[in-house]
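1. Quick one, fold the following:
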Amino acid sequence: MTLDNKKNIVVTAYGHDKTIDKISISLFEESRTYRFLELNSEQSFCKSINSLELKGDAWVYARNVDENRQYSLNSFLPSAKFKDIIPLMDNISLQRVLSEVDHQLLAVALKNAKETIQEAIFNNMSQRAVTMLKEDMELPRREKDCEDAQEKILSIIMHLENTGEIEIGRDTE
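-> A predicted model of the protein is given here:
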């Protein structure tokens with residue numbers, strides 16, 4: 001299928017756990033109105049879909065795609081998230097991760113993390129380190145910087161898991 005240059009394609013995948021239940025394709029026509037107002041554009045559509053927090057193992061993911069590029073179904077499966085991985089880790093694994101993570105990176109990552117995530121981290125640190133970390137977390141941070149820091153820590157976690165240095169508990173239900 002070939003489209004003229006005035007349309008953008010968005011693929012939205014819906015599913016549960018690591019399975020895709022449904023895929024939909026939407027076309028967005030380029031318009032100066034969209035670009036000026038940032039409303040109804042494919043970027044704002046993807047952003048709003050991807051910001052949804054669903055219950056349980058349900059997920060939805062929207063992605064702007066290039067018509068001439070091949071994508072695998074794995075491109076649309078949900079990737080691990082910082083907020084989901086930390087609760088699955090035992091204390092020993094979490095301490096191993098913390099030994100690899102820079103203090104400032106951790107402070108930025110925890111700035112917008114849920115309290116339960118912060119407590120899991122704090123419980124695996126010395127009281128002195130927690131005090132210093134909390135002080136650094138009080139500094140103003142951009143949301144994007146917090147998300148980037150979480151992604152960097154997540155890549156450290158995945159590397160440690162792939163090398164067998166830590167194990168991450170998984171739901172088997």
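2. so what secondary structure elements neighbour the host helix or strand of Ser48?
-> Using DSSP states H and E, Ser48 maps to helix 42-50. Helices and strands touching helix 42-50, by 3 or more Cβ pairs under 8 Å, 6 or more residues apart in numbering; DSSP states H and E, are strand 7-16, strand 19-29, strand 58-65. Every C-beta, even on glycine, is put in place using the N, C-alpha and C of the backbone.
3. Of all those strands, which one comes closest to Asp145?
-> strand 58-65 (22.9 Å; Cβ to Cβ).
4. Can you tell me the strand partners of that closest one and which way each runs?
-> Using DSSP bridges, the strands paired with strand 58-65 are strand 7-16 (antiparallel).
5. outside of the strand it pairs with, which residues touch it?
-> By Cβ atoms under 8 Å, 6 or more residues apart in numbering, the list of residues contacting strand 7-16 from outside reads 3, 20-30, 42, 45-46, 49, 56-67, 71, 76-78.
6. that older thread, got the helices and strands packed on helix 42-50 as a markdown table, with mean pLDDT, distance to Glu138 and mean neighbour count columns?
-> Formatted as a markdown table, the helices and strands packed on helix 42-50 follow (pLDDT from 0 to 100; distance: least, Cβ to Cβ, whole Å; neighbours: other Cβ atoms under 10 Å):
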| stretch | mean pLDDT | distance to Glu138 | mean neighbour count |
| --- | --- | --- | --- |
| strand 7-16 | 84 | 38 | 17 |
| strand 19-29 | 85 | 41 | 12 |
| strand 58-65 | 84 | 33 | 18 |
